[in-house]
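Enquirer: dropping a prediction and its sequence here:
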Amino acid sequence: MAEPKKALVLAGGRGTRMARAGPAVPKPLVPVCGIPLLVIHLRRLLAAGYEEIHLALRHKAGEIIRFLREESGLPGEKLFFHVEEEPLGTAGALAWFRSSPCPLLALNGDLLSAIDYGAMEAFHEERGADLTIAHHAERRRLKLGEVILGTDDRILGYREKPLKEYRISSGTYLVGGKVLELLEKEEWTPFPEVVQRSLQAGLKVLGFAHSSPWIDVNDGRDLARAEEMLREDPVAFGLEPREVKA
């Protein structure tokens, strides 16, 4: 029997900035156009064929588990809950899956994302990656002038408040068995440390570029933009237009 596809949603943070914006629910359950953010995540994963969806929880874990079991309408037999006794960082929970033979899809629980998981899986497999990191372009305008320096302190140019483009991690990863073996259970581990260990071990770390709608929902401004995105194209996020509240 084939190994079931597994995903891990990292949703243990306190959501302090979001709490200041007013929602009186745990951050993963903050509604976006009337639908909890975490529910949008889970529905997309189920639609993509993930048969085991694991959730790494800590802050208000009991409230989140009760909602998902009793009110979300999601298939409970496909949801598995893990509560961190101590904070494990942004990637420590990955170590729970050290014996998993299949790539583990790991993603941050505070994202509104339309990344094509199937395309990312195909990229990971075809390129023989050990770790694949989804990434996208973000553009930011600097608030100050940029000096272009050459050798001997010579100034070669000056740009007034230039628009810069950066490649940004989209908080979505495919993690192979060789990477998981580098981790220790119950060890506080930030995700950049996972990348560094993988590179130092000579593993194949690749980037999956995408241009799908995506936003990291951290505060009230992000939430307002996420609702705009959902209203503009609910189908991209796996929803029916009738489900999205105005």
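Expert: Yep, it's here.
Enquirer: which helix is the longest one in this structure?
Expert: Using DSSP state H to define each element, the chain has its longest helix at helix 220-232.
Enquirer: please pull out the lowest mean pLDDT helix or strand from the protein.
Expert: helix 16-20 (a mean of 51; mean pLDDT, DSSP states H and E).
Enquirer: and the next element down the chain from it?
Expert: strand 31-32 (DSSP states H and E).
Enquirer: need the residues that contact whichever helix or strand comes after that next one.
Expert: Next along the chain after strand 31-32, taking DSSP H and E as the criterion, comes strand 35-36. Residues outside strand 35-36 that contact it (CB atoms under 8 Å, 6 or more residues apart in numbering): 25, 28, 29, 30, 67, 72, 239, 243, 244. Any C-beta I mention is one placed from the backbone N, CA and C, and that applies to glycine too.
Enquirer: and strand 35-36, average pLDDT?
Expert: Averaged over strand 35-36, pLDDT sits at 94.
Enquirer: could you list the paired strands of it along with their orientation?
Expert: strand 31-32 (antiparallel) (DSSP bridges).
Enquirer: any idea how far the partner strand is from the chain center?
Expert: The chain centre lies 17 Å from the centre of strand 31-32; the measure is CA atoms, centre = their mean, to the nearest Å.
Enquirer: which residues in the chain form helices?
Expert: 16-20, 37-47, 61-70, 117-126, 177-180, 191-200, 220-232.
Enquirer: columns distance to residue 10 on top of the ones you listed, output as CSV?
Expert: Rendered in CSV, the data for those read as follows (distance: least, CB to CB, whole Å):
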stretch, distance to residue 10
helix 16-20, 15
helix 37-47, 11
helix 61-70, 13
helix 117-126, 16
helix 177-180, 15
helix 191-200, 9
helix 220-232, 17
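Enquirer: so which of those helices is nearest residue 92?
Expert: In terms of CB to CB, the element of the helices of the chain nearest to residue 92 is helix 191-200, at 9.4 Å.
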